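Novice: Predicted model follows, preceded by the sequence.
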Amino acid sequence: MAVPRFWREIPNRYNLIGTKCGNCNTVFFPPRSVCPKCRRMGKLEPYKLRGRGKIVSYCTVHVPADGFEDAVPYVLAIVELEEGPRITAQITDCNPDSVKIGDEVEVTFRQIREESQDGLIYYGYKFKPVSNPPSEG
Amino acid sequence: MREVAIVGVGLTKFGELWETSLRQLIVEAGLRALEDCGVDGKEIDAMYVGNMSAGQFVRQEHISSLIADHAGLVPIPCTRVEAACASGGVALRQAFIAVASGIHDIVVAGGVEKMTDTLTGQTTGALATAADQEWEAYIGSTFPALYALMARRHMHEYGTTEEQMAEVAVKNHHNACLNPYAQYRREITVEDVLNSPPVTLPLKLLDCSPITDGGACVILAPADRAREFTDTPIIIKGTGQASDALSLHDRSTLTSLRAAVHAADEAYKMAGIGPKDIDLAEVHDCFTIAEIMAIEDLGFCKKGEGGKITEEGETALDGRIPINTSGGLKGKGHPVGATGIAQTVEIVTQLRGEAGKRQVSGAEIGLAHNIGGSGGTCVVHIFQRGD
């Protein structure tokens, strides 16, 4: 793949920048160009997410996607972020056997994979268990 | 809108067909469908062919021209339809619309996929392109992973068990043993499934449908002309198609495919019937959890009870609502673009009373449910005997 495909997503993938609709206040990640609720009435602006949320579901990948062979077994989860959107991400810095639905997690910036020795290195977000969960839950 | 009948059906053997190419598969299925009903090539007005990814699987795009050419049907219009694993079902719907509208009379709806000309990793990589490349595949998601996320959540919300999911595979392998076209004609046990190698837990190898080569075709005609070609026309009573978010994480729920619910509602409404009127169904069991969710989404049981009714035998050949009598995607095989048409072939075969040892007695109304990707597209058709 050519570099621009990855370069154009850097703000979103490195800093968790989504979009927020100024009309209905819904936050989207990944970012969208059109608010599905307001459509042409919507007004989408970039919006930085805090990067904290809870695991809605998870699985443990033993047969990996191409380029993820070294990571096996890895935990993949859908995380519901505090601002509302859900995101698919790897859960890292964890014991795969102890991950549960409802676990609180926070974003961390990581290498995702390497294309090959001479190819691109992919970076982006993973999530890890929250070290000090807030007492109010 | 005109009433539309299916007058002919044809299938290739499903499996790892190393001696057969993409073009041979679709032509073979087409010829069998024509032989089935005695339609002459000269009578065919148009073709719609479902195919997910010849570009990735055999590095051949523009297969509409290829198929018309090798079928000997130039210059009739041929349209390739792509909706991932729902390509076949959507091709059938396009063919239905063409006949119902009066634009065309005799139309072929086909489906084909040649999946074993690439190495396994390339094949699964190609399948993964049915998911969101930027936000699912980029971070290491695979297709089994997406369905495993649904399975885990279904287990959490409804208490569905890995044993109940295994029962889906056991049943479908049993049915496949009775289907001469099926890829896996061998019985398996719940223990075999539970002890099979982990793919993406909670899904094991035997929870997953295989990589398959295959082709399927059906011939459509206006119902008032159907008797020219067959004594047992099967009427397409209802069709429904719906979309949902491409990414699983953007859906309102992980335990139901809303596109399936919408498509089923539309098809039931058009047919003027409900789930209780269906005698048997072919549903999209790309993974065992998918069949459990499908039978819930189609209204054959309450939400959350799909695992339970499977375990209790209600979906078996002799059960209350036989599901995947062909062996399903799990047992019969899953040549992705051909699957929606192959499901239709099974329902037509059953409604004609020609299903041999797997015949559901007295079957008059059948349903086919075909999913694209992790649920971004669903198409549902309802069929009824026309005599």
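Specialist: Arrived safely, thanks for sending. Quick caveat, the model's predicted, so the values are computed rather than measured. Numbering: from 1, shown residues only, chains lettered A, B, ... in the order given.
Novice: OK, now which residue of chain A is nearest to chain B?
Specialist: A:C59 (3.5 Å; C-beta to the nearest C-beta). Every C-beta, even on glycine, is put in place using the N, C-alpha and C of the backbone.
Novice: Quick check: phi and psi on that residue?
Specialist: For A:C59, the backbone dihedrals (degrees, to the nearest 10) come out as phi -150, psi 170.
Novice: Next, the residue nearest to it when sequence neighbours are not counted: phi, psi?
Specialist: Nearest residue to A:C59, sequence neighbours excluded (C-beta to C-beta, 6 or more residues apart in numbering or on different chains): B:A148, at 3.5 Å. When read as degrees, to the nearest 10, the backbone of B:A148 gives phi -70, psi -40.
Novice: For B:A148, the count of nearby residues, please.
Specialist: 27 (other C-beta atoms under 10 Å in any protein chain shown).
Novice: With A:V130 instead?
Specialist: Counted with other C-beta under 10 Å, A:V130 comes out at 14.
Novice: follow-up on the earlier one: in the sheet, who's paired with the residue of chain A closest to chain B?
Specialist: Beta bridges link A:C59 to A:L76, judged by DSSP bridges.
Novice: quick revisit: list the residues that contact the residue nearest to A:C59.
Specialist: Applying C-beta atoms under 8 Å, 6 or more residues apart in numbering or on different chains to B:A148 gives the contacts A:C59, A:T60, B:V199, B:T200, B:L201, B:P202, B:L203, B:F287, B:I289.
Novice: And A:N12, by the same measure?
Specialist: A:G18, A:F29, A:P30, A:P31.
Novice: swap in B:T288?
Specialist: Here B:T288 is in contact with B:M165, B:A166, B:V168, B:A169, B:V193, B:L203, B:D207, B:K330 (C-beta under 8 Å, 6+ apart).
Novice: Mind telling me what element the fifth one is part of?
Specialist: The secondary structure element spanning B:V193 is helix B:190-194 (assigned by DSSP states H and E).
Novice: where do the strands sit along chain B?
Specialist: B:4-11, B:46-50, B:78-81, B:107-113, B:198-201, B:203-204, B:214-222, B:234-243, B:280-282, B:365-372, B:377-385 (DSSP state E).
Novice: For B:G30, which of those strands is the nearest?
Specialist: Each of the strands of chain B has some distance to B:G30 by C-beta to C-beta; the shortest is strand B:214-222, at 4.6 Å.
Novice: Convert the C-alpha atoms of the closest one to PDB, please.
Specialist: Extracted C-alpha coordinates of strand B:214-222, given in PDB (Å, rounded to 0.1, in the frame of the first residue of the first chain):
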ATOM      1  CA  GLY B 214     -18.600 -24.100  -6.200                       C
ATOM      2  CA  GLY B 215     -21.200 -22.700  -8.500                       C
ATOM      3  CA  ALA B 216     -25.000 -22.500  -8.500                       C
ATOM      4  CA  CYS B 217     -27.600 -21.300 -10.800                       C
ATOM      5  CA  VAL B 218     -31.400 -20.900 -10.900                       C
ATOM      6  CA  ILE B 219     -33.600 -20.000 -13.800                       C
ATOM      7  CA  LEU B 220     -36.400 -17.400 -13.300                       C
ATOM      8  CA  ALA B 221     -39.500 -16.900 -15.500                       C
ATOM      9  CA  PRO B 222     -42.800 -15.000 -15.200                       C
END
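Novice: re earlier: columns mean pLDDT on top of the strands of chain B, output as TSV?
Specialist: Shown next, in TSV, are the strands of chain B (pLDDT from 0 to 100):
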stretch	mean pLDDT
strand B:4-11	98
strand B:46-50	98
strand B:78-81	98
strand B:107-113	98
strand B:198-201	98
strand B:203-204	98
strand B:214-222	98
strand B:234-243	98
strand B:280-282	98
strand B:365-372	98
strand B:377-385	98
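Novice: Any idea what B:C378 is bridged to?
Specialist: On the basis of DSSP bridges, B:C378 is bridged to B:A242, B:I371.
Novice: Could you single out the nearest of the contacts of B:T288 to B:A176?
Specialist: B:K330 (7.7 Å).
Novice: What is the burial count for that closest one?
Specialist: 31.
Novice: Leaving out chain neighbours, which residue sits closest to it?
Specialist: B:N172 (4.2 Å).
Novice: now swap in B:R93 and tell me
Specialist: B:T239 (5.2 Å).
Novice: before we move on, what about B:M270?
Specialist: Here the residue nearest B:M270, using C-beta to C-beta, 6+ apart, is B:G238, at 3.9 Å.
Novice: returning to that earlier point: which neighbouring elements make contact with the helix holding B:V193?
Specialist: Of the remaining helices and strands, those touching helix B:190-194 by 3 or more C-beta pairs under 8 Å, 6 or more residues apart in numbering or on different chains; DSSP states H and E are helix B:162-177.
Novice: And the contacts of B:A148, which of them are buried?
Specialist: A:C59, A:T60, B:V199, B:T200, B:L201, B:P202, B:L203, B:F287, B:I289 (16 or more other C-beta atoms under 10 Å in any protein chain shown).
Novice: Only the buried residues of stretch B:236-254, if you could.
Specialist: B:236-242, B:244-251, B:254.
Novice: Around chain B, pick out the residues from chain A.
Specialist: By the rule C-beta under 8 Å from any C-beta of the partner chain, the part of chain A lying against chain B is A:9, A:13, A:30, A:56-66, A:68, A:71, A:73-74, A:76-78, A:85-90, A:101, A:112-113, A:122, A:124-126.
Novice: Can you show me the helices along chain A?
Specialist: Secondary structure of chain A (DSSP state H): helices located at A:4-7, A:10-15.
Novice: How many neighbouring residues does the closest residue to B:E61 other than its chain neighbours have?
Specialist: Once flanking residues are discounted, B:E61 sits nearest to B:G55: 4.6 Å by C-beta to C-beta, 6+ apart. Neighbour count of B:G55, defined by other C-beta under 10 Å: 15.
Novice: likewise the one 10 residues further on?
Specialist: A count of neighbours around B:S65, defined by other C-beta under 10 Å, yields 12.
Novice: How about B:E354?
Specialist: B:E354: 11 neighbours (other C-beta under 10 Å).
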